[in-house]
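Visitor: mind folding the following:
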Amino acid sequence: MAASRTVPGRATAPAPAPVSVPASTPLPGAGPHPLAEPTQPGDLLLYRLVKLAASSGRLITRLCERTHGITRREWGVLMWLAQEPGLPPSVLARRLELDRARVSRAVTSLQAKGLVRKSAAPAGQPASALHLTEAGTRLHAALWPQVRAINQQLARSLEADHLEQLARGLALLQEEAARLERHSPEAPPFPPRSGGARHREPAGGPRAS
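Guide: Now for the predicted structure:
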């Protein structure tokens, strides 16, 4: 190969920088995306979502526990009762995707802290209604902007068209997950309890990914 010649008085163009491609981004024509055809744990869609929720959720947990003296689960209760005052416990459990026992413990703790009150069931309705107290309303007003800011900061890492694609994709994923759950009679919504605790899979057994 002939050596490159430098012409006097003429600047030499710099060599182009190498293009960096993320490991999870397949090259054009390289086959399906790893999320569609996972070959290792890091390719699993649910693992990626759980990892994102865990790392960002720790920010919310520290904010709730260190600054406001409530747990992240209790914050979920406050958030939904601020949005929909008067929810019965069963509906609140569905909003939070939790079983009634866990929601009941969170509500009981919030009642003890003076943040939630329970009113008697109206005539014709089998369940009581849950409301924020004045203190609960003040705490929600103080904490909501901080939680919102964390979510906004995460969203700002994406361009507007990527956010729109993400919103559509999440909606489709939620619909498909609900369909799979409806058509999986061998997988009940919550595992049976024994002695107040859920049955645990043996070591090496299946786990949600």
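
Visitor: does the residue positioned nearest the centre of the chain lie in a helix or a strand, and which?
Guide: When the chain is reduced to its mean C-alpha position, the closest residue under CA atoms, centre = their mean turns out to be residue 53, at 4.5 Å. Applying DSSP states H and E as the criterion places residue 53 in helix 45-62.

Visitor: what's in contact with that helix?
Guide: Helix 45-62 has contacts (CB atoms under 8 Å, 6 or more residues apart in numbering) with 35, 38, 41-42, 71-72, 75, 147, 150, 154, 173, 208-209. For glycine as for every other residue, the C-beta is placed from the backbone atoms N, C-alpha and C.

Visitor: then stretch 107-122?
Guide: With contact meaning CB under 8 Å, 6+ apart, stretch 107-122 is reached by 69-71, 74, 77-78, 81, 86, 88-89, 92, 127-133, 135-136, 139.

Visitor: chain center to it: distance?
Guide: Distance of stretch 107-122 from the chain centroid (CA atoms, centre = their mean, to the nearest Å) equals 26 Å.

Visitor: those strands in this protein, which residues are they?
Guide: If DSSP state E is used as the criterion, the strands of the chain fall at 116-119, 129-132, 193-194, 197-198.

Visitor: which elements pack onto the second one?
Guide: Which is strand 129-132. In terms of contacts (3 or more CB pairs under 8 Å, 6 or more residues apart in numbering; DSSP states H and E), strand 129-132 is packed against helix 72-83, strand 116-119.

Visitor: ranges for the helices of the chain?
Guide: 45-62, 72-83, 89-96, 100-112, 134-155, 160-182 (DSSP state H).
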